[in-house]
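Trainee: Sequence and predicted model, in that order:
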Amino acid sequence: MRLQDPEYLRNQQYINSSKLNTRISIHDRFSTNPQGLHPWMFAQIAGEVPSAGADILEIGCGSGRFWQSLSREIPATWRVALTDFSPGMVTSAREANRFAGHHFGVADAARIPFPFDSFDAVFAHFMLYHVRDIPRVLGEIRRVLRPGGILFAATIGAGHMAELFELAASFRPAWRTNSSEAAFQLENGAAQLAPFFSEIERRDYPDSLRVDQAEPLAAYVISTTTFADHQVTEAQKREFIAFIEARIRENGPIRITKNSGVFLARKGDP
């Protein structure tokens with residue numbers, strides 16, 4: 001399964017930030033919720049983490065755009081460590097936040113290179129569904145959290161972006177995706193967190209897409225892990241864009257369901 005194939009993820013999908021940025025851009029441009037996902041997510045963190053002197057770790061930081069986009073909101077007393085298992089993504093995150101004074105490092109979430117009780121919060125931003133051994137990673141997160149510390153685990157739920165992938169399948173049936181559940185999502189995440197954390201709360205982010213341009217939709221689909229094994233030619237991409245353009249002319253902007261949110265999971269006292 002490419003979604004959990006570490007070699008593919010490190011050396012192809014996330015060798016740099018280009019594919020991730022392609023997907024992020026469609027949410028930046030066409031989301032219907034006026035409060036963007038990053039400000040909403042930051043509000044969840046800031047509402048729970050002390051504003052003075054907090055130590056925060058992100059695992060799977062990707063391109064670092066979350067912290068870059070919120071640089072003016074981050075308390076100066078927060079000490080933030082951004083890690084990712086892809087050296088290319090760490091390079092992108094460091095460049096995006098080069099004036100922020102954060103710590104950056106290459107790290108495997110299954111072997112977090114920090115001592116016990118190091119952090120007030122750990123942030124896993126849409127990355128736990130890439131993990132093969134989720135219990136091991138959750139155990140590592142619990143280990144590095146201080147008593148009372150919180151894991152913020154953002155993820156997707158059933159039906160997320162479903163209309164977009166149905167659009168791809170209607171263009172070319174061979175592009176139909178496997179609809180099996182992700183390893184860690186809104187519907188199954190709480191049960192996986194329960195053995196490691198004493199308090200678990202799910203908060204959903206209400207949003208959708210309303211897209212009136214074809215090229216960004218085609219680029220999103222082709223950038224996903226689902227298409228890793230498809231050899232999509234430039235001619236096929238142009239045909240797909242034309243197919244989407246015809247749909248938009250006929251029916252107006254394409255509406256796409258988004259189903260995402262975050263779990264807040266607190267480490268109990270020893």
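Mentor: Cool, got the structure. Numbers count the residues shown, from 1 in each chain.
Trainee: got the residue ranges for the strands in the stretch 51-200 of the chain?
Mentor: 55-59, 79-84, 103-106, 119-125, 145-156, 199-205 (DSSP state E, counting those that start in this stretch).
Trainee: for the ones you listed, which one sits closest to residue 31?
Mentor: strand 199-205 (9.9 Å; Cβ to Cβ). All C-beta atoms are positioned from the backbone trio N, CA, C, and that covers glycine.
Trainee: residues contacting the nearest residue to residue 64 once chain neighbours are set aside?
Mentor: Nearest non-adjacent residue to residue 64, counting by Cβ to Cβ, 6 or more residues apart in numbering: residue 93, 2.9 Å away. Neighbouring residues of residue 93 by Cβ atoms under 8 Å, 6 or more residues apart in numbering: 61, 62, 63, 64, 67, 82, 84, 104.
Trainee: Just give the closest residue to the third one, not the sequence neighbours.
Mentor: Here the nearest residue to residue 63 in space, its sequence neighbours aside, is residue 17; by Cβ to Cβ, 6+ apart that works out to 3.7 Å.
Trainee: Pipe the strands of the stretch 51-200 of the chain into JSON lines and attach distance to residue 131, mean pLDDT and mean neighbour count per row.
Mentor: Formatted as JSON lines, the strands of the stretch 51-200 of the chain follow (distance: least, Cβ to Cβ, whole Å; pLDDT from 0 to 100; neighbours: other Cβ atoms under 10 Å):
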{"stretch": "strand 55-59", "distance to residue 131": "10", "mean pLDDT": "98", "mean neighbour count": "24"}
{"stretch": "strand 79-84", "distance to residue 131": "13", "mean pLDDT": "97", "mean neighbour count": "22"}
{"stretch": "strand 103-106", "distance to residue 131": "16", "mean pLDDT": "97", "mean neighbour count": "15"}
{"stretch": "strand 119-125", "distance to residue 131": "9", "mean pLDDT": "98", "mean neighbour count": "24"}
{"stretch": "strand 145-156", "distance to residue 131": "11", "mean pLDDT": "97", "mean neighbour count": "21"}
{"stretch": "strand 199-205", "distance to residue 131": "18", "mean pLDDT": "98", "mean neighbour count": "15"}
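Trainee: for the ones you listed, which one sits closest to residue 37?
Mentor: Of the strands of the stretch 51-200 of the chain, nearest to residue 37 by Cβ to Cβ is strand 199-205, at 6.1 Å.
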